[in-house]
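Peer 1: build me a model from this:
(one chain, ligands or ions: 1)
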Amino acid sequence: MSKSDFGLIGLAVMGQNLVLNVESRGFQVSVYNRTTSVTDQFIAANPDKNLVGAQSLEEFVQSLATPRKIQIMVKAGGPVDAVIESLIPLLDQDDIIIDGGNTLYTDTERREKYLSEKGFRFIGAGVSGGEEGALKGPSIMPGGPASTWAIMQPIFESISAKVDGVPCVTHIGEGGAGHFVKMVHNGIEYGDMQLICEAYNIFKAAGFSNEEQAAIFADWNAGDLESYLIEITANIFKQKDAETGKDIVDLIVDKAGQKGTGRWTVMGSVEQAVPFSTIAGSVEARILSSMRDQRKLASGILQGPDNWNFDLGSLSKEELVKKVRNALYSSKIVSYAQGLDLIAKVGKEKNWGLNLGAIARIWRGGCIIRARFLNHITEAYETDANLTNLMLAPFFTKVLNSGQQDWREVVALAATNGIPVPSFGGSLSYYDAYRAERVPANLLQAQRDFFGAHTYERIDKPEGEFFHTEDWPELID
Ligand code: NBP
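Peer 2: Numbers count the residues shown, from 1 in each chain. Now for the predicted structure:
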């Protein structure tokens, strides 16, 4: 039998779909799964495909052409190490291992060092787009050495999504760059989803039916906000429950799950001192949603606004829709500005030589955050690769300047009516702080100097000169 071009370990939902995708592009693929009955079922379910099902790792490795290209699609963490350890004695020098899971980028860096010292090649590649993306064409974010990327490029480009004929894959950078960018991508996905949920919550409180909301989101999807998440949201509102005939969205418990990549991104932003209010708000919202018992208890104890019936005031429904749209669009710009800021900062520190425009370009297809909006991000970085902040690119400045008043009114309306908007509100605070010529940190520095002699700079003295006040007034006991 001829040797396979590609091998994949881990036949859960992502692995199976990726294998079918690779095979559909004309490659022979060998597969292995720890629980071998899964392999048997998969091979039996795909009798006409050019697949080789292996019962052991030895058989799997022997079935591959050299240098072997082996993608691991198992649960992130310990299982990836376990698979690598069992592969090591079976591989030849220069064979390539690709971890396509949602791995923490520091684990990828550790594994790359470990494997390269043994003479193997390793790539950490983020794969986005869930089950459907894996099957039809995902967005792929590979890191690792450029020389290994060059070997993998034909396969990755053929299986990735394409937008305007351009593959949604590029070499992100050395080391853990691919998994890092995939992690931030997931954080951005959290932010996008939360912003849509905040819009929904306001519309629901304002008495819009699900049918009306389906129409609003469909309309938004026909304009600048066109994106996969807006589109699926419109469709969700139309879905009836087969059992009861009711709208399915109203039957789903308001308790969100999470696997951790959003949290990792926020932790990364804290470590790097990058403001991250939109995505941090989305992670917090998921955590608070999961505290359902406490929320139920508190709803009978802690008071909301006096006028708890949502009051639109003099606003028409059409005006509210327009204002919420502008709040969502502006917050989304802030979310991407913060996410890209984090990517840029870590990229610089790690010397990854990242191209932010190219990164936005490969997110245009195959992944959950795919959106028309990403074209403008690519253009912004193509015009100025050293852009200080996405909000300062002329296209986005214009959107923000024209939408900021509506955004404020929506956040104020939500606060007045007791509706939590952590990501709309956090994004607006970031916007206002970022554009503020003066913030109250003068008082903060005085406090620090008072209790800790931390010193301060003065507006009437040259920058870099530090002062301490010896005689702050004593506290009276
Ligand atoms: P899971 O993350 O659910 O992992 C299940 C697979 O891991 C099975 O094949 C299982 O084998 C294997 N496995 C485990 Br668990 N422990 C193992 C071990 N010690 N040794 C060998 N194999 C082991 O699968 P998934 O949802 O397909 O995701 C795969 C990766 O892709 C994850 O990192 C995930 O975060 C990432 N990802 C998932 C999605 C998505 O939409 N699901 C999207 C993007 C990325 P078994 O059959 O023997 O138990």
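Peer 1: who are the contact partners of A12?
Peer 2: Counting by Cβ atoms under 8 Å, 6 or more residues apart in numbering, A12 touches M73, V74. Quick note: C-beta positions are derived from backbone N, CA and C, even for glycine.
Peer 1: doesn't H376 make contact with G357?
Peer 2: No - using Cβ atoms under 8 Å as the test, G357 is too far from H376 to be in contact (10.6 Å).
Peer 1: residue of the stretch 351-477 of the chain closest to the ligand, please.
Peer 2: Here the residue of the stretch 351-477 of the chain nearest the ligand is I368; by Cβ to the nearest ligand atom that distance is 8.7 Å.
Peer 1: for that residue, which non-adjacent residue is closest in space?
Peer 2: In this structure, I368 finds its nearest non-sequential neighbour in E189, 5.0 Å apart by Cβ to Cβ, 6 or more residues apart in numbering.
Peer 1: count of neighbours near that neighbour?
Peer 2: When neighbours are counted by other Cβ atoms under 10 Å, E189 registers 23.
Peer 1: what residues are up against it?
Peer 2: E189 neighbours (Cβ under 8 Å, 6+ apart): L229, G262, I368, I369.
Peer 1: what residues are up against the last one?
Peer 2: Contacts were defined as Cβ under 8 Å, 6+ apart; by that measure I369 touches S128, H185, I188, E189, D192, S227, Y228, L229, W363.
Peer 1: output those as TSV; include the columns pLDDT.
Peer 2: Shown next, in TSV, are the contacts of I369 (pLDDT from 0 to 100):
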residue	pLDDT
S128	94
H185	97
I188	97
E189	97
D192	98
S227	97
Y228	96
L229	97
W363	97
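Peer 1: overlap between the residues you listed and the residues near the ligand?
Peer 2: By Cβ under 6 Å from any ligand atom, the members of the contacts of I369 lying near the ligand are S128.
Peer 1: in helices only, show me the contacts of I369.
Peer 2: Judged by DSSP state H, the subset of those located in helices is H185, I188, E189, D192, Y228, L229.
Peer 1: ok, how many other residues are close to the last one?
Peer 2: Using other Cβ under 10 Å, the number of residues around L229 comes to 18.
Peer 1: mind checking how far the closest residue to it other than its chain neighbours is from I84?
Peer 2: Spatial nearest neighbour of L229, excluding adjacent residues (Cβ to Cβ, 6+ apart): D192 at 5.3 Å. Taking Cβ to Cβ, to the nearest Å as the measure, D192 falls 33 Å from I84.
Peer 1: kindly report the same for F276.
Peer 2: 32 Å.
Peer 1: what of K461?
Peer 2: K461 sits at a distance of 57 Å from I84 (criterion: Cβ to Cβ).
Peer 1: interface residues of the chain facing the ligand?
Peer 2: Applying Cβ under 6 Å from any ligand atom, we find that the chain lies next to the ligand at 10-15, 33-35, 38, 73-76, 79, 82-83, 101-102, 127-128, 130-131.
Peer 1: in helices, which of those residues appear?
Peer 2: Using DSSP H, the members of the residues of the chain next to the ligand that fall in helices are V13, M14, G15, V38, P79, A82, V83, G130, E131.
Peer 1: ok, the first one - how many residues close by?
Peer 2: Looking back up the chat, that one is V13. By other Cβ under 10 Å, the residues close to V13 number 13.
Peer 1: the residue nearest to it when sequence neighbours are not counted: what's it in contact with?
Peer 2: If the residues on either side of it in the chain are set aside, V13 comes closest to E131, at 5.1 Å by Cβ to Cβ, 6+ apart. The contact partners of E131, by Cβ under 8 Å, 6+ apart, come to V13, M14, N17.
Peer 1: isn't the last one up against A134?
Peer 2: Yes - in this structure N17 lies within contact range of A134 using Cβ under 8 Å: 3.6 Å.
Peer 1: neighbour-wise, which of these two wins?
Peer 2: Taking other Cβ under 10 Å, N17 and A134 do not tie; A134 has more neighbours (25 against 22).
Peer 1: check the stretch 201-350 of the chain for the residue nearest the ligand and tell me.
Peer 2: K259 (6.3 Å).
Peer 1: who's in contact with that residue?
Peer 2: Contacts of K259 (Cβ under 8 Å, 6+ apart): N102.
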